[in-house]
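In: Generate coordinates for the sequence data below:
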Amino acid sequence: MRHLLGELHLNTVCQQALCPNISECFSCGQATFLILGTNCTRQCSFCNVEKTAPQAVDTEEPLRVAEAVQRLCLSHVVITSPTRDDLPDGGSSIYSATVAAIRDSSPGTRIELLIPDLQADLPSLRRIVESQPDIIAHNVETVPRLYHVRSGADYQRSLNVLRYCLELAPGIATKSGIMLGMGEQSDEVMQVMQDLRGVGCRYLSIGQYLAPSREHYPVREYVRPEVFERLREAGQALGFSHVESGPYVRSSYHAGQYR
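Out: Next comes the predicted model:
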C-alpha cells in the first residue's frame, strides 16, 4: 500500500492524521485518500493535519486517485481533503473531477466524499452533489459548547451543509461523525445526534478522541466501551440507518459496511 501511494504521489488521511487503524486498513487494501494537498487553512486544535501554507492544486490528482482505486480493486472508496478556504470553490471542482475519474475507470465502486464545510457555499455544494457520489459525509466532530477546538468552524453551518446536500439530492445518503472524550456531557451528545437526524443525516460514526501530541487539545476522558454501545443503540432508536460506535472508530472505518 505504501509503495503504491508513493508511486502515484498520493496522500491518505490515514497517515496524515495518525489514525490508530492504519495497519488494519492498509493490510486489507483500504485507505482514505487525501486530495488537495496535506496542509489545512484552519487551526483546529485536535487535528494532526499540517497547518502551514497550502499547496498548489494538482489538476492531475483525480486521475491518479482513480488509478489507485482501480489497481486496488476497491469496492468502496473514501475521498477527503483538508479545508481549503484559500480556494474560491473550496476545492469542490477537484472533488467533482475525482468522482468522474473513478466512475470512468471503476464504475462499480461505491464513492464516499468526506468534505469540509466549504463555507456552506451553495454553488460549491451543488457541484459536489452533481458529481453524484453515493455518500456525502461532513463531520460535526463535537458538541457546540466545545467548538472552540474547531477554529473557523460553526456548528449550525455544519448542520446546514448536511441539510443542503440532502435537499439538493434526496437520493444521496449523508453521514457525520463525532468524537468523545473532549469534555462533552451525555445530554449534549444526545442533542447532537438529534440535530443530525433533524437534518436527515442517515449514517453516524462515534469514536474516542486521541490527542496526536501533547501540543494538541488534551483528552479529558477515555470513554468506556459500554457507553459507545449505548450510544449505538440510541442512534438506531433515533432512526440512523447505521451507527458505527467504538473507541477506535473513525469516520471512514468500516465505511463500506454502512448500508
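In: downstream neighbour of the helix or strand harbouring R232 in the secondary structure list?
Out: Using DSSP states H and E, R232 sits within helix 225-238. Next in sequence after helix 225-238, counting helices and strands by DSSP H and E, comes strand 242-245.
In: contacting residues around that next one?
Out: 202-207, 228-229, 231-232, 235-236, 253-254, 257-259 (Cβ atoms under 8 Å, 6 or more residues apart in numbering). All C-beta atoms are positioned from the backbone trio N, CA, C, and that covers glycine.
In: Tell me the strands beside it, with direction?
Out: For strand 242-245, the paired strands and their directions (DSSP bridges) are strand 203-208 (parallel).
In: List the buried residues of stretch 89-103.
Out: 89-99, 101-103 (16 or more other Cβ atoms under 10 Å).
In: Okay, and which of these map to helices?
Out: 92-99, 101-103 (DSSP state H).
In: how about those in TSV, adding distance to V69 and pLDDT?
Out: Shown next, in TSV, are these (distance: Cβ to Cβ, whole Å; pLDDT from 0 to 100):
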residue	distance to V69	pLDDT
S92	20	98
S93	19	98
I94	15	98
Y95	14	98
S96	16	98
A97	14	98
T98	9	98
V99	11	98
A101	9	98
I102	5	97
R103	10	98
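In: Make JSON lines out of these and add distance to H76.
Out: Formatted as JSON lines, those follow (distance: Cβ to Cβ, whole Å):
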{"residue": "S92", "distance to H76": "21"}
{"residue": "S93", "distance to H76": "23"}
{"residue": "I94", "distance to H76": "20"}
{"residue": "Y95", "distance to H76": "17"}
{"residue": "S96", "distance to H76": "19"}
{"residue": "A97", "distance to H76": "20"}
{"residue": "T98", "distance to H76": "15"}
{"residue": "V99", "distance to H76": "14"}
{"residue": "A101", "distance to H76": "16"}
{"residue": "I102", "distance to H76": "11"}
{"residue": "R103", "distance to H76": "14"}
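In: Considering those residues, which is situated nearest to F33?
Out: Using Cβ to Cβ, T98 comes nearest to F33 of those, at 8.0 Å.
In: and the gap between that closest one and P133?
Out: Look at T98 and P133: by Cβ to Cβ, to the nearest Å, they are 9 Å apart.
In: go on, P225?
Out: P225 is 32 Å from P133, by Cβ to Cβ.
In: of these two, who's got more company?
Out: Neighbours were counted for P225 and for P133 using other Cβ atoms under 10 Å; P133 has more, 27 against 11.
In: Of the ones in helices among the buried residues of stretch 89-103, which is the nearest to T80?
Out: T80 has its nearest neighbour among these in Y95, at 9.3 Å by Cβ to Cβ.
In: residue contacts, the closest one?
Out: 35, 79, 81, 113, 115, 127-128, 131 are the contacts of Y95 under Cβ under 8 Å, 6+ apart.
In: got the contact list for the residue lying closest to L63 once chain neighbours are set aside?
Out: Nearest residue to L63, sequence neighbours excluded (Cβ to Cβ, 6 or more residues apart in numbering): A101, at 5.3 Å. With contact taken as Cβ under 8 Å, 6+ apart, A101 is in contact with 62-63, 65-66.
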